[in-house]
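> Fold the stuff below for me.
(one chain, ligands or ions: 1)
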Amino acid sequence: MPKARNPMPGGRRPIVVANWKMYLGATATVRAARATRLLTARMATRVDLVLCPAFPLLQAVNAVLKGSRIQMGAQDLHHELAGAYTGDVSADHLRGLVRYALLGHSERRRDHGETDEIIAKKVRRALKAGLQPIICVGETAQEREDGDTVATVRRQVERALADIPVLSLAHCVFAYEPIWAISQGVGRSSTQPSPDDAAHIMGLIRKVAADRAGRRYAERLRVVYGGSVERKTVGAFVEEPGVDGVLVGAASTNPVGLNQIVREVLASTHYGNH
Ligand code: PGA
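Below is the predicted model:
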(Lines give C-alpha, C1' and ligand atoms only; values in the text may rest on other atoms or scores of the structure.)
Protein backbone atom coordinates (compact mmCIF):
# COMPACT_ATOMS: atom_id res chain seq x y z
CA MET A 1 0.00 0.00 0.00
CA PRO A 2 1.52 3.39 -0.90
CA LYS A 3 2.36 5.69 1.96
CA ALA A 4 -0.02 8.55 2.65
CA ARG A 5 1.74 11.65 1.43
CA ASN A 6 -0.60 14.37 2.55
CA PRO A 7 -2.55 13.26 5.59
CA MET A 8 -5.47 15.60 6.11
CA PRO A 9 -6.20 16.32 9.77
CA GLY A 10 -9.46 17.66 11.16
CA GLY A 11 -11.53 15.03 9.32
CA ARG A 12 -11.21 17.04 6.12
CA ARG A 13 -12.19 15.42 2.84
CA PRO A 14 -10.32 16.29 -0.33
CA ILE A 15 -12.30 18.53 -2.64
CA VAL A 16 -12.13 19.28 -6.35
CA VAL A 17 -14.19 22.24 -7.56
CA ALA A 18 -14.91 22.55 -11.28
CA ASN A 19 -15.63 26.18 -12.15
CA TRP A 20 -17.15 26.05 -15.62
CA LYS A 21 -17.47 29.86 -15.73
CA MET A 22 -19.19 30.88 -19.01
CA TYR A 23 -17.20 28.42 -21.11
CA LEU A 24 -19.80 25.86 -22.16
CA GLY A 25 -23.12 26.28 -23.95
CA ALA A 26 -26.26 24.56 -22.72
CA THR A 27 -25.85 21.30 -24.62
CA ALA A 28 -22.13 21.08 -23.92
CA THR A 29 -22.74 21.66 -20.20
CA VAL A 30 -25.19 18.78 -19.91
CA ARG A 31 -22.91 16.56 -21.99
CA ALA A 32 -19.90 17.38 -19.81
CA ALA A 33 -21.90 16.69 -16.63
CA ARG A 34 -23.03 13.34 -18.00
CA ALA A 35 -19.52 12.28 -19.01
CA THR A 36 -18.09 13.47 -15.69
CA ARG A 37 -20.63 11.39 -13.83
CA LEU A 38 -19.74 8.27 -15.82
CA LEU A 39 -16.00 8.74 -15.47
CA THR A 40 -15.83 9.67 -11.80
CA ALA A 41 -18.60 7.43 -10.43
CA ARG A 42 -16.33 5.32 -8.24
CA MET A 43 -14.09 8.09 -7.01
CA ALA A 44 -16.86 10.43 -5.94
CA THR A 45 -17.26 8.46 -2.70
CA ARG A 46 -13.77 9.49 -1.58
CA VAL A 47 -13.60 13.07 -2.73
CA ASP A 48 -16.03 15.98 -2.82
CA LEU A 49 -16.35 16.72 -6.50
CA VAL A 50 -18.31 19.92 -7.09
CA LEU A 51 -19.53 21.07 -10.51
CA CYS A 52 -20.31 24.77 -10.89
CA PRO A 53 -22.21 25.38 -14.15
CA ALA A 54 -23.87 28.66 -15.17
CA PHE A 55 -27.07 29.57 -13.28
CA PRO A 56 -29.62 28.67 -15.99
CA LEU A 57 -28.10 25.19 -16.29
CA LEU A 58 -28.16 24.27 -12.61
CA GLN A 59 -31.49 22.47 -12.92
CA ALA A 60 -30.42 20.46 -15.96
CA VAL A 61 -27.10 19.44 -14.38
CA ASN A 62 -28.90 18.60 -11.17
CA ALA A 63 -31.10 16.18 -13.11
CA VAL A 64 -28.03 14.56 -14.69
CA LEU A 65 -26.30 14.14 -11.31
CA LYS A 66 -29.33 12.83 -9.44
CA GLY A 67 -28.45 9.71 -7.46
CA SER A 68 -24.68 10.29 -7.81
CA ARG A 69 -22.25 11.57 -5.17
CA ILE A 70 -21.17 14.51 -7.29
CA GLN A 71 -22.23 17.82 -5.81
CA MET A 72 -23.15 21.16 -7.28
CA GLY A 73 -22.08 24.71 -6.64
CA ALA A 74 -23.29 28.09 -7.87
CA GLN A 75 -20.78 30.52 -9.33
CA ASP A 76 -22.04 33.38 -7.17
CA LEU A 77 -25.01 34.65 -5.18
CA HIS A 78 -26.33 38.09 -4.23
CA HIS A 79 -25.60 39.49 -0.79
CA GLU A 80 -29.25 40.41 -0.19
CA LEU A 81 -31.93 37.78 0.16
CA ALA A 82 -34.54 39.46 -2.06
CA GLY A 83 -35.32 42.81 -3.64
CA ALA A 84 -34.87 45.03 -6.70
CA TYR A 85 -31.67 43.45 -8.06
CA THR A 86 -32.16 42.85 -11.77
CA GLY A 87 -30.25 39.88 -13.09
CA ASP A 88 -29.10 38.64 -9.70
CA VAL A 89 -29.67 35.34 -7.97
CA SER A 90 -30.32 34.93 -4.24
CA ALA A 91 -29.25 32.30 -1.76
CA ASP A 92 -32.92 31.43 -1.46
CA HIS A 93 -33.11 30.59 -5.17
CA LEU A 94 -30.16 28.26 -4.76
CA ARG A 95 -31.16 26.52 -1.58
CA GLY A 96 -31.97 22.88 -2.28
CA LEU A 97 -30.33 23.06 -5.70
CA VAL A 98 -26.65 23.41 -4.78
CA ARG A 99 -24.53 22.67 -1.75
CA TYR A 100 -21.75 25.19 -2.43
CA ALA A 101 -21.41 28.76 -3.68
CA LEU A 102 -18.25 30.26 -5.16
CA LEU A 103 -17.82 33.71 -3.62
CA GLY A 104 -15.36 36.53 -4.25
CA HIS A 105 -13.89 35.05 -7.41
CA SER A 106 -11.34 37.48 -8.85
CA GLU A 107 -13.42 37.78 -12.04
CA ARG A 108 -16.37 38.94 -9.92
CA ARG A 109 -14.16 41.32 -7.95
CA ARG A 110 -12.69 42.71 -11.19
CA ASP A 111 -15.76 42.82 -13.47
CA HIS A 112 -18.52 43.49 -10.94
CA GLY A 113 -16.73 45.68 -8.44
CA GLU A 114 -17.17 43.26 -5.55
CA THR A 115 -15.44 44.52 -2.44
CA ASP A 116 -14.29 42.57 0.61
CA GLU A 117 -17.33 43.96 2.44
CA ILE A 118 -19.79 42.70 -0.18
CA ILE A 119 -18.09 39.32 -0.21
CA ALA A 120 -18.31 39.12 3.59
CA LYS A 121 -22.06 39.74 3.30
CA LYS A 122 -22.32 37.00 0.68
CA VAL A 123 -20.48 34.58 2.96
CA ARG A 124 -22.94 35.28 5.77
CA ARG A 125 -25.87 35.00 3.37
CA ALA A 126 -24.67 31.65 2.04
CA LEU A 127 -24.11 30.19 5.50
CA LYS A 128 -27.53 31.36 6.70
CA ALA A 129 -29.10 29.58 3.73
CA GLY A 130 -27.24 26.38 4.60
CA LEU A 131 -24.84 26.70 1.65
CA GLN A 132 -21.09 26.17 1.94
CA PRO A 133 -19.10 29.16 0.70
CA ILE A 134 -15.98 28.59 -1.39
CA ILE A 135 -14.24 31.90 -0.79
CA CYS A 136 -11.65 32.95 -3.37
CA VAL A 137 -8.70 35.08 -2.33
CA GLY A 138 -5.44 35.99 -4.01
CA GLU A 139 -3.13 38.82 -4.98
CA THR A 140 -2.75 40.63 -8.31
CA ALA A 141 0.52 40.63 -10.25
CA GLN A 142 1.18 44.16 -9.01
CA GLU A 143 0.56 43.26 -5.38
CA ARG A 144 2.91 40.33 -5.78
CA GLU A 145 5.59 42.52 -7.32
CA ASP A 146 5.20 45.04 -4.50
CA GLY A 147 5.65 42.28 -1.92
CA ASP A 148 2.06 42.67 -0.72
CA THR A 149 0.87 39.08 -1.15
CA VAL A 150 0.68 38.25 2.55
CA ALA A 151 -1.02 41.54 3.49
CA THR A 152 -3.59 41.19 0.67
CA VAL A 153 -4.54 37.62 1.43
CA ARG A 154 -4.62 38.27 5.18
CA ARG A 155 -6.99 41.22 4.66
CA GLN A 156 -9.28 39.25 2.33
CA VAL A 157 -9.52 36.30 4.74
CA GLU A 158 -10.01 38.47 7.84
CA ARG A 159 -12.82 40.45 6.20
CA ALA A 160 -14.55 37.34 4.80
CA LEU A 161 -14.61 35.75 8.25
CA ALA A 162 -15.32 38.91 10.24
CA ASP A 163 -18.86 38.18 11.35
CA ILE A 164 -19.41 34.48 10.96
CA PRO A 165 -19.94 32.13 13.90
CA VAL A 166 -16.80 30.07 14.59
CA LEU A 167 -18.78 26.87 14.21
CA SER A 168 -19.38 27.76 10.56
CA LEU A 169 -15.72 27.51 9.72
CA ALA A 170 -16.02 23.78 9.11
CA HIS A 171 -18.51 24.58 6.34
CA CYS A 172 -16.21 27.04 4.59
CA VAL A 173 -13.65 26.40 1.88
CA PHE A 174 -10.96 28.92 0.95
CA ALA A 175 -9.46 28.91 -2.53
CA TYR A 176 -6.07 30.57 -2.86
CA GLU A 177 -6.02 31.81 -6.43
CA PRO A 178 -3.14 34.13 -7.28
CA ILE A 179 -4.79 36.31 -9.92
CA TRP A 180 -1.69 36.31 -12.13
CA ALA A 181 -1.90 32.51 -12.37
CA ILE A 182 -5.56 32.26 -13.43
CA SER A 183 -6.96 31.49 -16.89
CA GLN A 184 -3.78 31.06 -18.83
CA GLY A 185 -5.24 28.31 -21.00
CA VAL A 186 -4.92 24.55 -20.90
CA GLY A 187 -1.74 23.10 -22.39
CA ARG A 188 0.14 26.41 -22.45
CA SER A 189 3.16 26.69 -20.25
CA SER A 190 1.64 28.70 -17.46
CA THR A 191 3.04 30.83 -14.70
CA GLN A 192 2.13 29.42 -11.33
CA PRO A 193 3.53 29.88 -7.86
CA SER A 194 5.81 27.08 -6.71
CA PRO A 195 3.77 24.51 -4.76
CA ASP A 196 5.85 25.43 -1.75
CA ASP A 197 5.02 29.14 -2.03
CA ALA A 198 1.32 28.37 -2.58
CA ALA A 199 1.27 26.07 0.47
CA HIS A 200 2.91 28.82 2.51
CA ILE A 201 0.08 31.26 1.69
CA MET A 202 -2.50 28.56 2.27
CA GLY A 203 -0.94 27.98 5.68
CA LEU A 204 -1.38 31.70 6.30
CA ILE A 205 -5.07 31.40 5.44
CA ARG A 206 -5.49 28.67 8.05
CA LYS A 207 -3.52 30.70 10.57
CA VAL A 208 -5.73 33.77 10.06
CA ALA A 209 -8.75 31.50 10.50
CA ALA A 210 -7.20 30.10 13.69
CA ASP A 211 -6.59 33.63 15.03
CA ARG A 212 -10.24 34.35 14.40
CA ALA A 213 -11.82 31.13 15.61
CA GLY A 214 -9.23 29.02 17.41
CA ARG A 215 -7.08 26.19 16.11
CA ARG A 216 -9.63 23.46 16.64
CA TYR A 217 -12.06 25.09 14.24
CA ALA A 218 -9.39 26.17 11.78
CA GLU A 219 -8.26 22.55 11.46
CA ARG A 220 -11.63 21.74 9.97
CA LEU A 221 -11.46 24.48 7.34
CA ARG A 222 -10.57 23.28 3.85
CA VAL A 223 -8.10 25.27 1.79
CA VAL A 224 -7.55 24.57 -1.92
CA TYR A 225 -5.30 25.92 -4.66
CA GLY A 226 -6.57 27.41 -7.93
CA GLY A 227 -4.92 28.96 -10.99
CA SER A 228 -4.31 27.11 -14.27
CA VAL A 229 -4.47 23.72 -12.59
CA GLU A 230 -4.29 20.79 -14.96
CA ARG A 231 -3.41 17.13 -14.79
CA LYS A 232 0.32 17.70 -15.13
CA THR A 233 0.54 20.33 -12.41
CA VAL A 234 -2.07 19.28 -9.86
CA GLY A 235 -0.05 16.57 -8.08
CA ALA A 236 2.71 18.88 -6.88
CA PHE A 237 0.18 21.21 -5.22
CA VAL A 238 -1.95 18.62 -3.45
CA GLU A 239 1.09 16.77 -2.12
CA GLU A 240 1.82 19.79 0.05
CA PRO A 241 0.58 19.47 3.64
CA GLY A 242 -2.44 21.65 4.36
CA VAL A 243 -3.61 21.63 0.72
CA ASP A 244 -7.01 19.96 0.60
CA GLY A 245 -7.71 20.02 -3.12
CA VAL A 246 -8.05 22.31 -6.12
CA LEU A 247 -10.35 24.77 -7.85
CA VAL A 248 -10.11 24.20 -11.58
CA GLY A 249 -11.41 26.41 -14.38
CA ALA A 250 -10.62 25.72 -18.04
CA ALA A 251 -9.20 22.21 -17.56
CA SER A 252 -12.34 21.09 -15.71
CA THR A 253 -14.57 21.55 -18.77
CA ASN A 254 -12.98 18.48 -20.31
CA PRO A 255 -14.40 15.44 -18.47
CA VAL A 256 -11.38 13.26 -19.25
CA GLY A 257 -9.02 15.93 -17.93
CA LEU A 258 -11.19 16.51 -14.86
CA ASN A 259 -11.25 12.79 -14.14
CA GLN A 260 -7.45 12.69 -14.27
CA ILE A 261 -7.24 15.63 -11.90
CA VAL A 262 -9.56 13.90 -9.42
CA ARG A 263 -7.37 10.80 -9.62
CA GLU A 264 -4.25 12.81 -8.92
CA VAL A 265 -5.89 14.46 -5.93
CA LEU A 266 -6.91 11.10 -4.52
CA ALA A 267 -3.47 9.63 -5.12
CA SER A 268 -1.81 12.46 -3.21
CA THR A 269 -4.04 12.73 -0.18
CA HIS A 270 -4.61 10.50 2.78
CA TYR A 271 -8.06 9.55 1.57
CA GLY A 272 -6.57 8.20 -1.66
CA ASN A 273 -5.15 5.26 0.21
CA HIS A 274 -8.35 3.94 1.71
P1 PGA B 1 -8.25 28.34 -14.41
O2 PGA B 1 -9.41 29.01 -13.55
O3 PGA B 1 -8.04 26.95 -13.87
O4 PGA B 1 -8.77 28.33 -15.81
O5 PGA B 1 -7.05 29.20 -14.23
C6 PGA B 1 -9.44 28.88 -12.15
C7 PGA B 1 -10.45 29.85 -11.59
O8 PGA B 1 -10.51 30.99 -12.08
O9 PGA B 1 -11.20 29.51 -10.68
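> Strands of the stretch 101-250 of the chain, residue ranges please.
Using DSSP state E, counting those that start in this stretch, the strands assigned to the stretch 101-250 of the chain run over residues 132-137, 173-176, 222-226, 245-248.
> can you list the residues of the stretch 51-200 of the chain near the ligand?
Remark: the part of the stretch 51-200 of the chain in contact with the ligand comprises 177, 182, 183, using Cβ under 6 Å from any ligand atom. Bear in mind the C-beta positions are built from the backbone N, C-alpha and C, glycine included.
> Now that we have those residues, which of them are buried?
Neighbour-count burial (16 or more other Cβ atoms under 10 Å) applied to these gives 177, 182.
> Next, format the residues of the stretch 51-200 of the chain next to the ligand as a markdown table and append pLDDT.
Listed next are these as a markdown table, based on pLDDT from 0 to 100:
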| residue | pLDDT |
| --- | --- |
| 177 | 97 |
| 182 | 90 |
| 183 | 80 |
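> Now flag whichever of the residues of the stretch 51-200 of the chain next to the ligand is closest to residue 204.
Closest approach to residue 204 among those (Cβ to Cβ): residue 177, at 14.2 Å.
> for the closest one, what are its contacts?
Residues counted as contacts of residue 177 (Cβ atoms under 8 Å, 6 or more residues apart in numbering) are 105, 106, 136, 137, 138, 225, 226, 227, 247.
> that older thread, just say which of the strands of the stretch 101-250 of the chain is most tucked in.
Here the criterion is mean neighbour count by mean count of other Cβ atoms under 10 Å, and of these the winner is strand 245-248, at a mean of 29.
> and the residue in the stretch 1-150 of the chain positioned nearest to the ligand, how many neighbours?
The minimum distance from the stretch 1-150 of the chain to the ligand, using Cβ to the nearest ligand atom, falls at residue 19 (4.3 Å). Each residue near residue 19 was counted by other Cβ atoms under 10 Å, and the total is 26.
> Can you pull the poorly scored residue ranges out of the stretch 51-200 of the chain?
The model of the stretch 51-200 of the chain has pLDDT under 70 over residues 188-190.
> Which one of the residues in the chain is closest to the ligand?
Among the residues of the chain, residue 249 lies closest to the ligand, at 2.2 Å counting by Cβ to the nearest ligand atom.
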